[in-house]
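Asks: Give me coordinates for this.
(2 chains)
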Amino acid sequence: MPRKRTEDDLDSLLLSRVRLGIMSALAADDELDFAALKEVIETTDGNLGAHLRRLEDAGMIRARKRFIGRKPNTSYRITAGGREAFQGYIKDLATLLGFKEKGKA
Amino acid sequence: MTHQAESSDGRTNAAEAAETLSFVQRVMDRTQQRVEDGGGVMIWWGVLTALAVAATWGVALWGWSSWSTMWGIWIGHNVLGWAGTLWAVRRSGALSPVGRQDLATFAVFTVAIWCFMVGAFGSGAVKIWALFTMAQLLIGMVMAFSAILERKVSLAVIGLVLIVTAPVLLMASPKWAWIGSSVLCTGAMLVGGVIAALIWRKRRAAQAN
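Replies: Coordinates of the predicted model:
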């Protein structure tokens, strides 16, 4: 029986540096194609492709395939749910950081 | 294992959280930097405009100015400008937000300027020197928008001064006052565009944060 996707599943997706990098880049820019993401994240085609697929399957990003001239081009956008999950994750980190720093003081 | 679970079993500490946040910031900065690097189109238009203005003054000073020369210079400026812009868009594939904004801005400028020029010159005899004012307007626009995108206040002010003084110069002559008011409307549209661009940038920055 398929497991229901929870908030924890979405958080766990962001534990990977590559996936977190993809989400950060797409949060900073509306739309980026594969080549641009590869340049920003600095990873291999295969690795990037696999992580993009996972994020797409989770509904955090949306792909758009088209042809530019004769070359196929795939660009990606962050979804509303993806943005919410990303912001939540960052907020959690900031809260954790703030909490620890307060604890130290 | 989730972020929360990691927190609870003590494996994620403040140092890790700070490092992760720093990584996110670095990626966002790098992405934004890539967007800003797309200013090549702006430079292309700036150089072309400078060349077109130099050519306009050059032919006028040498006494070679004629309708066909002037129109040729500015049509050439627009054709080359747009050819370069579209080539850059095609090459980059997905346009960055700033790139899309630049493109929309230039499209509006081109349409506005050509509507004005065709309307003004088509409806009656207008002296060639009026083209210099148009050139001034174009330079002002390029300067103002480049400066706004690069966040250089002094350059933006100079650009806006050029935009505003161009129609004022025309309005100084009662004969050409009607052209001046048309250019003033175009100038007002441009200032509106600047404000809209600034609001758009602010909203995007807020979304990214």
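
Asks: Okay, now the unreliable bits of chain A?
Replies: Scanning chain A for pLDDT under 70 picks out A:1-11, A:68-70, A:99-105.

Asks: quick one: the strands in it?
Replies: In chain A, the segments counted as strands under DSSP state E are A:31-33, A:61-68, A:71-78.

Asks: Domain map for chain B?
Replies: As assigned by automatic domain parsing, chain B contains the domains B:1-37, B:39-208.

Asks: same for the longest helix along chain A, what does it pack against?
Replies: With DSSP state H setting the assignment, residue counts place helix A:80-104 as the longest helix in chain A. Helices and strands in packing contact with helix A:80-104 are listed as helix A:7-13, helix A:17-28, helix B:3-8, helix B:14-37; criterion 3 or more C-beta pairs under 8 Å, 6 or more residues apart in numbering or on different chains; DSSP states H and E. For every residue, glycine as well, the C-beta is placed using N, CA and C.

Asks: Could you check the pLDDT of whichever residue of chain B sits closest to chain A?
Replies: The shortest separation between chain B and chain A is 3.4 Å, found at B:Ala14 (distances taken as C-beta to the nearest C-beta). Per-residue confidence for B:Ala14 comes out at a pLDDT of 76.

Asks: burial count for it?
Replies: Neighbour count of B:Ala14, defined by other C-beta atoms under 10 Å in any protein chain shown: 16.

Asks: can I assume it is in contact with A:Leu96?
Replies: Yes - look at B:Ala14 against A:Leu96 with C-beta atoms under 8 Å: they come within range, at 7.0 Å.

Asks: Residues of chain A that sit close to chain B?
Replies: For chain A, the contact set with chain B under C-beta under 8 Å from any C-beta of the partner chain comprises A:8, A:11-12, A:14-15, A:17, A:20-21, A:24-25, A:27-33, A:35-36, A:39-41, A:68-69, A:73, A:75, A:89-90, A:92-94, A:96-97, A:100-101, A:104.

Asks: show me the contacts for the residue lying closest to B:Arg30 once chain neighbours are set aside.
Replies: The shortest distance from B:Arg30 to any residue that is not its chain neighbour, by C-beta to C-beta, 6 or more residues apart in numbering or on different chains, is 5.2 Å, and that residue is A:Val40. In this structure, A:Val40 makes contact with A:Gly21, A:Ala25, A:Leu32, B:Val27, B:Arg30, B:Thr31, B:Arg34, judged by C-beta atoms under 8 Å, 6 or more residues apart in numbering or on different chains.

Asks: let's see it at 10 Å
Replies: A:21-22, A:24-26, A:28-29, A:32, B:26-34 (C-beta atoms under 10 Å, 6 or more residues apart in numbering or on different chains).
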